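Colleague: make a model of this:
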Amino acid sequence: MSSSTDTAMKPTPGSLAIVTGGSRGLGKVVALALKAQGHRVVIVSKDPSRAAATAQEISCDFRAVDFEDFDATRKTFEEIQSTFGVPEILVLAHGVMSDRLSKTLRTNTEEWRRVMAINLDSVFVAINTICPAMAEARNGRVVIFTACLGRMSGPGNTGGLAPYRVSKAGVNALVRNLAHETNLGARGFLIDAMCPNHSRTDMGGPDAPRSAEEGAETAIWLATRPFTPGEDKTGLFWEDRQIVEW
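Modeller: The predicted structure is shown next:
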């Protein structure tokens, strides 16, 4: 008699993993971990020289693209898929913080569009390009770095940083919507959002309470955990391996 562990889905050893924002910070930690677990890794980053240096350090492949350029972003992901095949793991760790003074009534159009383009629109483009084949293969998982500042309830949603908060709320909604469209993991396609909390990265600063490794741990777990349809859950918002209310 087989147990639930026997029927749990896991990424195939040596399968392809794509990590955006993989040249530094949280994305680099994820890329290192997936490479150490034996996956083929492709990192995607805006800075070609930094991406090349990180790819050499990790011994993986890389592509560079400006995530504000939607056509270039789509072409980059199409090229990755045509070159390396369909990934089983897609971790979207790229993102930017909005200007510290960017309250809703003071944010200019350029700042709003910059943050939305990188944090939300490029996430859609990546998913829209890569995930149809992942869903068809019935063996794929997507993890998106978002933020508790994008929640609609709970602490920390008292205003300010309007473009950042709204972009992350949009990502959270996208995750929930796509999870329901793909039957909440029953078809072998998983998608989850996660909050790394305040971590020591270029964005979080040197005085943040968490290391990048601590901030990335839940994303690595989500990307590689055993998953049993009907028992385990997807399409949710996670922090420290715990479900957080939206």
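Colleague: CA only for contacts and neighbour counts going forward, please
Modeller: OK.
Colleague: which helix or strand contains the closest residue in space to residue 197 that isn't next to it in sequence?
Modeller: Closest residue to residue 197 apart from its sequence neighbours, by C-alpha to C-alpha, 6 or more residues apart in numbering: residue 215 at 6.2 Å. Following DSSP states H and E, the helix or strand that holds residue 215 is helix 212-224.
Colleague: and that helix, how far out from the chain middle?
Modeller: Per C-alpha atoms, centre = their mean, to the nearest Å, the displacement of helix 212-224 from the mean C-alpha position of its chain is 10 Å.
Colleague: and it, average pLDDT?
Modeller: Averaging pLDDT along helix 212-224 yields 96.
Colleague: which outside residues touch the helix or strand just after it?
Modeller: Note on helix 212-224: by DSSP H and E, the next helix or strand toward the C-terminus is strand 237-239. Outside strand 237-239, the residues that touch it by C-alpha atoms under 8 Å, 6 or more residues apart in numbering are 172, 192, 193, 194, 195, 196, 197, 218, 243, 244, 245, 246.
Colleague: show me what the second one bridges to in the sheet.
Modeller: It stands for residue 192. Note on residue 192: beta-bridge partners residue 143, judged by DSSP bridges.
Colleague: circling back: surely the residue nearest to residue 197 meets residue 26?
Modeller: Yes - using C-alpha atoms under 8 Å, residue 215 is in contact with residue 26, at 6.8 Å.
Colleague: all strands of the protein, in order?
Modeller: Using DSSP state E, the strands found in the chain span residues 16-20, 40-45, 61-64, 89-92, 140-145, 189-194, 237-239, 242-243.
Colleague: counting by contacts, list what the fourth one packs against.
Modeller: Counting by 3 or more C-alpha pairs under 8 Å, 6 or more residues apart in numbering; DSSP states H and E, the packing neighbours recorded for strand 89-92 are strand 16-20, strand 140-145, helix 212-224.
Colleague: what strands flank it, and is each parallel or antiparallel?
Modeller: strand 16-20 (parallel), strand 140-145 (parallel).
Colleague: pipe those strands into TSV and attach distance to residue 101, mean pLDDT and mean neighbour count per row.
Modeller: Supplementary listing: those in TSV, determined by distance: least, C-alpha to C-alpha, whole Å; pLDDT from 0 to 100; neighbours: other C-alpha atoms under 10 Å:
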stretch	distance to residue 101	mean pLDDT	mean neighbour count
strand 16-20	27	98	26
strand 140-145	23	98	26
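Colleague: if anything else comes up later, I'll come back, but that's it for now.
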